[in-house]
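# Sequence and predicted structure are below.
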Amino acid sequence: MRTTYCGLVSETLMGETVTLMGWAHRRRDHGGVIFIDLRDREGLVQIVCDPDRPEMFKTAEGVRNEFCLKVVGKVRPRPAGTENANLVSGKIEVLCHELEVLNPSVTPPFQLDDENLSETVRLTHRVLDLRRPQMQQNLKLRYRVAMEVRKFLDANGFIDIETPMLTKSTPEGARDYLVPSRVHDGYFFALPQSPQLFKQLLMVAGFDRYYQITKCFRDEDLRADRQPEFTQIDIETSFLSEEEIRAMFEGMIRSVFKNAIGVELPVYPVMTYADAMYKYGSDKPDLRVKLEFTDVTDVMKDVDFKVFSTPATTKGGRVVALRVPGGAEMSRGEIDGYTEFVKIYGAKGLAWVKVNDVAKGRDGLQSPIVKNLHDAAIAQTLARTGACNGDLIFFGADKAKVVNDAIGALRVKVGHSEFGRSHGLFEDKWAPLWVVDFPMFEYDEEEDRWNACHHPFTSPKDGHEELMSTDPAACVAKAYDMVLNGWELGGGSIRIHRAEVQAKVFEALKISPEEQRIKFGFLLDALQYGAPPHGGLAFGLDRLITLMTKAESIRDVIAFPKTQRAQCLLTGAPSMVDEKQLRELHIRLRNVQPAA
């Protein structure tokens, strides 16, 4: 039926008769001649309908936006001066000989080229939203990236193996989505948060190199880069060191960027977790922003300003300075706006100092806090930050986590702002990074216990095995994350392959032997059968495409995403089910009100 796509008609087909099928993107009546921009997934082509073919012309008069059409016509040059350099078909048009309406359309709820649509409207009418050229390009790129990943992994001996979607509930850091069993009354499956345990079992089974592009499910609070169901490029391999694994998959991402979007990524620096937190307050720092923390905790221990001295002398407290070159130009209103911003991250406020004249010391500074700082603290702060005339210094003082979260977010916000860009604080480039040597454990004050930072199957660094019981805070893991432009693109670790080491981890996490058997007995049993050294990592495909397209949200690169309230506006999911279905599953609902 169709001889070519609309968006691929070019001057190479000049003079030929083509058969095209697509949707009426726009119809224009120019004094007896009707123009139709016909659209398909490859783009647009201009169709010219002359009145000298009365039957065809009558059909053209009735065409409206989004009618599905079949066009038979002859390719000819556009009149001089009417070419469109932005289109593959921009030098030609198709003189229509035959026009058939394959299916009319009701009036669409929005114009497809409307750039000011609310996300609610877009997701409610997602089928039409997906017709928009930008969405078509995003999903086509997603396909190309997946293909490039598969080609690379296939060339390196990896095997695509599927793992179960209905599995056992195990603690992996987020709440599970549970699926009740109809056959086994009172029992539940869980949807996998990741294929973690199964890919380890595949290594024990001897498959050596496994991968899977698969769905994962996590019932957690949502934001722009999270979805309740997301797609993971999941990879595991045996007999490779941490450095060899990182080198291989840095190569994979380089290959994908080059072949999918023509980008040569720069050198990947390697940074420890400790350095990342010390300099940037984040384990996924955006290196495009040219701002760094200066730690002044020791400097502020004996100042009169209790806001600084209290955290500086409290275990787990931190005081940092963030120098903003040229920041003295900021108005008080802008500073107040940043003060409200850091409160989102738990900060109680935001202290600041404007540097008018460094040579004058205290007298050259402008700030309500200067009178509470002694001369030595002021001098050391100016020296450590490298402050110059015209700079602004922000301060964060609280528990280390609050300071890192709040001032880390402030660093990114200032860098990305119009001020930051105009003052050279942001460099628009690709900024990849490996972050390594993550802590093995993190302390949960509420439950008075240690939790696994990555997951409980991550191996400690060599020589750190005993620290799991004697000093968990000092224990470092063989864990690593790939970061790109401030996003965690992927993460992984070397896994524990010896049952006795795995038992020590469970002991540090206060998981009893009985609980170990109930939750992980199948893994512990498998590790006894000559489990090989193995490790791997997983990349977020949604995040990868979001970065490549520079979209604002991963919802723009997923065909049918959920909202931030974990709802599908297109289908109305989640929805209530009838009483019969609940009875079959042995479920009774108590005091449940329908969602608004």
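That came through, no problem.
# wait, residue 374 sits on residue 303?
Yes: counting by C-beta atoms under 8 Å, residue 374 touches residue 303, with 6.0 Å between them. C-beta: built from backbone N, CA, C; applies to glycine.
# Compare the two and say which is more crowded by neighbours.
residue 303 (20 against 14; other C-beta atoms under 10 Å).
# So what does that one look like in phi/psi?
For residue 303, the backbone dihedrals (degrees, to the nearest 10) come out as phi -80, psi 160.
# That one and residue 311, how far apart?
12 Å (C-beta to C-beta, to the nearest Å).
# what's the answer for residue 56, then?
Distance, residue 56 to residue 311, by C-beta to C-beta: 78 Å.
# Comparing these two, which shows the higher neighbour count?
residue 311 (23 against 20).
# can you point me to the longest strand in this structure?
If you go by DSSP state E, the chain has its longest strand at strand 17-30.
# pull the CA atoms of the helix or strand following that one into CSV?
With elements assigned by DSSP states H and E, the helix or strand that comes after strand 17-30 is strand 33-40. Coordinates of each C-alpha in strand 33-40 appear next as CSV, following Å, rounded to 0.1, in the frame of the first residue of the first chain:
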residue,chain,number,x,y,z
VAL,A,33,-5.6,25.4,-3.5
ILE,A,34,-5.5,23.2,-0.4
PHE,A,35,-2.3,22.3,1.4
ILE,A,36,-2.1,19.4,3.8
ASP,A,37,0.9,18.7,6.0
LEU,A,38,0.8,14.9,6.1
ARG,A,39,2.6,13.4,9.2
ASP,A,40,3.9,10.0,10.2
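# Can you check what angle separates the helix or strand just after strand 33-40 from strand 33-40?
Per DSSP H and E, the first helix or strand lying C-terminal to strand 33-40 is strand 43-49. Strand 43-49 and strand 33-40 are oriented at 150 degrees to each other (axes from the mean of the first three to the mean of the last three C-alpha atoms, to 10 degrees).
# if we look at strand 43-49, which residues are touching it?
When contacts are defined by C-beta atoms under 8 Å, 6 or more residues apart in numbering, strand 43-49 is touched by residues 5-9, 20, 25, 33-38, 56-57, 60, 71, 73, 78, 87-89, 92-96, 99, 133.
# If we use 6 Å, what do you get?
6-7, 9, 25, 34, 36-38, 57, 60, 71, 89, 93-96 (C-beta atoms under 6 Å, 6 or more residues apart in numbering).
# Run me through the strand neighbours of that strand, direction for each.
Within its sheet, strand 43-49 is paired with strand 33-40 (antiparallel), strand 92-103 (parallel), according to DSSP bridges.
# Distance from it to the middle of the chain?
37 Å (C-alpha atoms, centre = their mean, to the nearest Å).
# Give me the mean pLDDT for it.
The average pLDDT within strand 43-49 is 97.
# Skip the chain neighbours and tell me the closest residue to residue 357.
residue 364 (3.3 Å; C-beta to C-beta, 6 or more residues apart in numbering).
# That neighbour touches residue 354, doesn't it?
No: assessed by C-beta atoms under 6 Å, residue 364 is found out of contact with residue 354, at 9.5 Å.
# And stretch 111-129, what's buried?
112, 117, 119, 122-126, 128-129 (16 or more other C-beta atoms under 10 Å).
# Same question for stretch 155-171.
Neighbour-count burial for stretch 155-171, counted by 16+ other C-beta under 10 Å, picks out 158, 161, 163, 167, 169-171.
# Lowest-confidence one in the residues you listed?
Within these, lowest confidence goes to residue 171 (65).
# Tell me the one of the contacts of strand 43-49 nearest residue 282?
The shortest gap between residue 282 and any of the contacts of strand 43-49 belongs to residue 7, at 41.5 Å (C-beta to C-beta).
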